[in-house]
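Visitor: build me a structure from this.
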Amino acid sequence: MRRGIIKRLARFFILVTFIFAGRAVLADASVTFLRLSDLQYLYQQAEVSKKITLKDNYEWRVGLAGESYEEQTNKDVGTSANIDLKLTKLLSENFYFKFEGSFGYSSGNTQLAISEFYSNSFFNPNELTLNLDLYEHIVLSAGNINQGFLNAPLLISSGRSFPGFKQKIFTNYKKHEFGLIGQQTVPTSKAFNIDRQDKEAVPSFYTATIFSDFSFSSPVSQLPTAKLNWTTNLSYFAYNDLPNVVAQDGRLYGHLFVDGTEAEAQFLYEFAGYLVNTQLELIDENNYSLGVRGYWADNVEAKTNDRLESIQYFATKNINNLILDVSFENFFKDSEASPAIYSASSYGRNNRKGRVYGAGIEFTKLKFRIEGRYYDIDTIVANSAVQGKRDSYYLGLETLYVEF
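Guide: Take a look at the predicted model:
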């Protein structure tokens, strides 16, 4: 087992120029923190079903991205640059430290600052945890827990991480995996902090997830080299005692409020409910893949406007040293389905419906990838002077992870 950092120069640095225009939304720079790997969750199975390999690991990559959007009177054109790190360090045989994060900046001509993260953040930790692996079937984690394992950006962005605890219990049977994941966290209002007024309770965010991951070789006789992967997750989620600052820009994000409470920024309903997430993918290694994934969630605390859903189709094709991919997603999110501030800003927050078109190309020998996306988004109910028709463009380039 390797000890210490292997000093090796990465093979490739990147240059890219972005020229684009478009229409879209609220000036929100948070999408620049998500980058390609977080946006293209379409080809990847949920993190909950990935087995942990206990070894020292140090990887990095660099990336550039640009975006343009406009909505009503609000516009933004911006770029971002970052260095991403992924580190795993064994402290003992079953005890390890894990870090995923980025160093970088974003800039733009923002008119209305409504941002999931600070737009000029230099350091953004995506995960920072201490982990204990017990009996090869139990993993206990404490620290800054990344929320990407829920794999539902309309519910909560993969760029979010909350301080708290997570427990994973799982077992394997042949090529299949089953298990449970629970977490108890404190949802932060911004990237690092909880902003509360006097005497407000400390908020909490709980989830409990049952997951399964099935893998079948040669699903039909006509496809002898193919395999079929099927991942399904069922989660319960609950927010408690969210501070007023989480709701203060709620009308701009698409929330509804009780008459007379706008100054106090109170939500109309609490947030707790269920999330169902499934993905089916046919893979012929080094040739192609075809898949469909979808998720649905319902806020059982709300009497109306309480659901969100997404269905996505995707395909990849290997051609010599290139990997080409395309995707199409159709989504819907009611105004009270979940707290808007925590969901991925690229979808326009709450009270939204629309489509996302994506395409990318990966140069396997050169070890970098280019991806573009177009978001065609509209409102469900016209309830805001800010929300309206939104067209958004995203273009990004990044190297693949390499060890150092």
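
Visitor: please compute how far stretch 70-82 lies from its chain's middle.
Guide: Using Cα atoms, centre = their mean, to the nearest Å, we find the averaged C-alpha position of stretch 70-82 to lie 20 Å away from the chain's own average C-alpha position.

Visitor: quick check: mean pLDDT of it?
Guide: Stretch 70-82 comes out with an average pLDDT of 80.

Visitor: quick check: buried residues in whichever strand in the chain runs longest?
Guide: When secondary structure is assigned using DSSP state E, the longest strand within the chain turns out to be strand 74-90. Judged by neighbour count using 16 or more other Cβ atoms under 10 Å, the buried positions of strand 74-90 are 74-82, 84-88, 90. C-beta coordinates here come from the backbone N, C-alpha and C atoms, glycine included.

Visitor: before we move on, what about stretch 173-188?
Guide: Of the residues in stretch 173-188, those buried by neighbour count under the rule 16+ other Cβ under 10 Å are 177, 179, 181, 183, 185, 187-188.

Visitor: including distance to residue 161 and secondary structure, could those residues go into TSV?
Guide: Shown next, in TSV, are these (distance: Cβ to Cβ, whole Å; DSSP: H, G, I helix; E, B strand; the rest coil):
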residue	distance to residue 161	secondary structure
177	24	strand
179	21	strand
181	15	strand
183	11	strand
185	9	strand
187	10	coil
188	8	coil
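
Visitor: nearest to residue 61 among those?
Guide: Taking Cβ to Cβ as the measure, residue 61 sits nearest to residue 188 out of the buried residues of stretch 173-188, at 25.8 Å.

Visitor: quick check: the closest one touching residue 164?
Guide: No - counting by Cβ atoms under 8 Å, residue 188 stays clear of residue 164, with 10.3 Å between them.

Visitor: what's the nearest residue to the residue nearest in space to the middle of the chain if we skip its chain neighbours?
Guide: Residue closest to the average C-alpha location in the chain (Cα atoms, centre = their mean): residue 158, at 2.3 Å. Counting by Cβ to Cβ, 6 or more residues apart in numbering, residue 158 lies nearest to residue 148, which is 3.5 Å off, once chain neighbours are set aside.

Visitor: and residue 344, its phi and psi?
Guide: Dihedral pair for residue 344: phi -70, psi 130, per degrees, to the nearest 10.

Visitor: what helix or strand is the residue lying closest to residue 181 once chain neighbours are set aside located in?
Guide: Of all residues not flanking residue 181 in the chain, residue 209 sits nearest, at 4.3 Å (Cβ to Cβ, 6+ apart). Of the helices and strands defined by DSSP states H and E, residue 209 is found in strand 204-217.

Visitor: as PDB, could you dump the C-alpha coordinates of that strand?
Guide: Extracted C-alpha coordinates of strand 204-217, given in PDB (Å, rounded to 0.1, in the frame of the first residue of the first chain):
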ATOM      1  CA  SER A 204     -31.000  20.300  11.200                       C
ATOM      2  CA  PHE A 205     -31.200  18.200   8.100                       C
ATOM      3  CA  TYR A 206     -31.800  14.400   8.400                       C
ATOM      4  CA  THR A 207     -31.900  11.800   5.700                       C
ATOM      5  CA  ALA A 208     -32.300   8.000   5.700                       C
ATOM      6  CA  THR A 209     -31.600   6.100   2.400                       C
ATOM      7  CA  ILE A 210     -32.200   2.500   1.400                       C
ATOM      8  CA  PHE A 211     -30.200   1.700  -1.700                       C
ATOM      9  CA  SER A 212     -29.600  -1.200  -4.100                       C
ATOM     10  CA  ASP A 213     -27.100  -1.700  -7.000                       C
ATOM     11  CA  PHE A 214     -27.600  -4.600  -9.400                       C
ATOM     12  CA  SER A 215     -25.300  -5.600 -12.200                       C
ATOM     13  CA  PHE A 216     -26.200  -8.200 -14.800                       C
ATOM     14  CA  SER A 217     -23.800  -9.500 -17.500                       C
END
